[in-house]
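Q: Need coordinates for the below:
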Amino acid sequence: MASNTELSGGVVVTGGGSGIGRAVVLACADRGAKVAVLDFKPESAEAAAAEARERGAAATIGLECDVRDEASVASAIDAAAEAVGPLGGLVACAGIDRGGLVHELDLSVWQDVIATNLTGTFLTCKYVLRKLVEQESGGSIVLASSPWAQVSSPDGASAYCASKGGVSSLVRSLALDYAPHGIRVNAIVPGATETPLMWANIPPAELPEIRNLIASQIPFRRLAMPDEIAAGIVWLLSDDSRYATGSHLVIDGGLLANASIAT
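A: Okay, the predicted model is just below:
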């Protein structure tokens, strides 16, 4: 039986230059895995790859990748497979969060969120799946969903919610389509986590108050740290989760369980 410290094949991580993606890169490196870091910001990808090398990654590469652009994704996956292949896993963490009430929301904002979070996930899966099917050696794909795929809040999160709801549906569809190939597809559902994305729409002056407010609504009364989410993702990548596919691993400090009216 494989240990959860063992990862088979090279791992591609999108959004790997910061936040949860970067934590996954470093967790893979700690296990001696080969890892390709893809990020919209090439300097962030290179920095994460350099740290992964220092922490023991068997091989690593940092690559610029715009997940909204098919040519960029195709090129990055080819380069990743050459550097750290054969591939064994994908973690699709690239994402953005831009909000607004629908009647005031510019179409360009909606399109950018969907293009990054949903279409970008589709494109990344498309080109990694091609490699995995060709290799005939199975693999594990982990997509980043969100509690907002299941619930919401009155703060103009429609675009983000729709994108993550799409990701959750994509997980189930891909799991069925690729099970005959021995390829597992699951989702991670992180709760509020201390990442740049978490605070993307919050003015800096309001951040301490908002952080405390959010923490007060979580049963554990704190936000997650990226490495806590990464631990669940690494488990989904590993053979220890070899019978899991089409599932959602929720690591949210009890957020979704807390559906009661505050008293």
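Q: show me what contacts the most centrally placed residue in the chain?
A: Central residue of the chain (CA atoms, centre = their mean): C93, 2.4 Å from the mean position. With contact taken as CB atoms under 8 Å, 6 or more residues apart in numbering, C93 is in contact with V13, T14, G15, G16, G19, I20, G21, V24, A144. The way it works is simple: take the backbone N, C-alpha and C, and place the C-beta from them, glycine included.
Q: Burial check on the closest residue to V84 other than its chain neighbours, number of neighbours?
A: Excluding the flanking residues, the one nearest V84 by CB to CB, 6 or more residues apart in numbering is G10, at 3.3 Å. G10 is flanked by 27 other residues according to other CB atoms under 10 Å.
Q: for the one 4 residues further on, same thing?
A: The number of residues packed near T14 is 30, by other CB under 10 Å.
Q: Repeat that for E104.
A: When neighbours are defined as other CB under 10 Å, E104 has 8 of them.
Q: related to what we said a few turns ago, make a ChimeraX selection of the buried ones in the contacts of C93.
A: Buried residues among the contacts of C93 (16 or more other CB atoms under 10 Å), as a ChimeraX selection:
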select :13,14,15,16,19,20,21,24,144
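Q: so which of the contacts of C93 comes closest to V189?
A: Using CB to CB, A144 is the member of the contacts of C93 that lies nearest V189, at 8.4 Å.
Q: so how far is stretch 62-70 from its chain's centroid?
A: Offset of stretch 62-70 from its chain centre (CA atoms, centre = their mean, to the nearest Å): 14 Å.
Q: Give me the buried positions along it.
A: Buried, per 16+ other CB under 10 Å, within stretch 62-70: G62, L63, E64, C65, D66, V67, R68.
Q: quick one: R211 and I218, what's the gap?
A: Per CB to CB, to the nearest Å, R211 is found 11 Å from I218.
Q: now E46
A: From E46 to I218 the distance is 34 Å (CB to CB).
Q: At which residues are the strands of the chain located?
A: For the chain, applying DSSP state E gives strands covering 10-14, 34-39, 59-64, 87-92, 139-144, 183-190, 248-251.
Q: which one is S8 nearest to, not counting chain neighbours?
A: That would be G88: by CB to CB, 6+ apart, it lies 4.4 Å from S8.
Q: who touches the one you found in this structure?
A: Shown in contact with G88 (CB under 8 Å, 6+ apart): L7, S8, G9, G10, V11, S137, G138, G139, S140, L237.
Q: Just give me the least confident of those residues.
A: In terms of pLDDT, S8 ranks lowest among the contacts of G88, with 81.
Q: hang on, it packs against R184?
A: No: under the criterion of CB atoms under 8 Å, S8 is not in contact with R184, lying 11.6 Å apart.
Q: isn't L7 right next to G89, touching?
A: Yes: contact criterion CB under 8 Å: L7 and G89 qualify, at 6.6 Å.
Q: shared neighbours of these two, anything?
A: In contact with both L7 and G89: L237, using CB under 8 Å, 6+ apart.
Q: can you count the residues close to the nearest residue to G139 once chain neighbours are set aside?
A: Nearest non-adjacent residue to G139, counting by CB to CB, 6+ apart: L132, 4.2 Å away. Number of residues near L132 (other CB under 10 Å) recorded here: 24.
Q: cool, and E43?
A: 11.
Q: What pLDDT is listed against the closest residue to it other than its chain neighbours?
A: Once flanking residues are discounted, E43 sits nearest to G17: 7.9 Å by CB to CB, 6+ apart. The model reports G17 with a pLDDT of 97.
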